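kindly generate the corresponding structure for this input.
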Amino acid sequence: MSEIMNAIKLYRLSNRLYKIKFRVLATIVQKFNSLIHNSYIPCSAKIGYDCNFAYGGIGVVIHCNAKIGNNCMIGQNITIGGRAGHGGPPVIGNNVYIAAGSRVLGQIKIGDNVVIGANAVVIKDIPSNSVVAGVPAKIISQDVSKFKKLGVI
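Below is the predicted model of the structure:
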């Protein structure tokens with residue numbers, strides 16, 4: 001049952017309905033997703049293929065215009081959103097791992113193959129192949145090879 005009702009599958013259903021202009025039904029599925037998973041994953045957000053939410057997407061909040069690449073892992077209690085006075089939402093590349101409790105805020109770009117540490121607050125662009133952590137997030141490494149070996153990205 002949990003496999004049927006995980007957050008990413010409900011998002012995909014609501015997104016398909018949104019794209020074919022069944023907006024009311026898309027909103028109902030989106031609200032059901034919010035109710036079940038205590039998250040806000042709007043049907044208008046663009047989330048790439050093979051992305052997953054850890055622990056079913058509990059506490060995930062995503063901006064309605066966010067763009068997330070392919071093969072990303074999004075942990076629990078994540079916010080991907082805008083930042084007052086700093087433009088729109090972030091654009092996240094492919095193969096990005098966002099650990100639990102992180103915040104990715106503002107009109108920034110996160111490159112490909114990036115690891116964002118737990119509880120990091122990312123408010124600046126992050127180049128590809130970087131590991132970031134802290135508040136505000138800083139690059140702590142530009143060698144993601146160990147994470148690739150572990151299968152994180």
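
C-alpha only now, for contacts and for neighbours.
Noted.

helices or strands next to the helix or strand that contains L25 in the packing?
When elements are defined using DSSP states H and E, L25 is found to belong to helix 23-37. Applying 3 or more C-alpha pairs under 8 Å, 6 or more residues apart in numbering; DSSP states H and E, we find helix 23-37 packed against helix 7-19.

can you show me the strands along this structure?
Taking DSSP state E, the strands of the chain run over residues 46-47, 52-53, 61-62, 67-68, 73-74, 79-81, 91-92, 97-98, 103-105, 109-110, 115-116, 121-122, 131-133, 138-141.

list the contacts of C43.
Residues near C43 by C-alpha atoms under 8 Å, 6 or more residues apart in numbering: 11-12, 14-15, 18, 26-27, 30, 64.

if we go to 6 Å?
Taking C-alpha atoms under 6 Å, 6 or more residues apart in numbering, we find C43 in contact with 14-15.

for it, what are phi and psi?
The main-chain torsion angles of C43 are listed as degrees, to the nearest 10 and equal phi -70, psi -20.

can you say which of the strands of the chain is packed in most?
Stretch with highest mean neighbour count among the strands of the chain: strand 115-116 (a mean of 28; mean count of other C-alpha atoms under 10 Å).

just give me how far it sits from the chain centre.
Once both centres are worked out by C-alpha atoms, centre = their mean, to the nearest Å, strand 115-116 turns out to sit 12 Å from its chain's centre.
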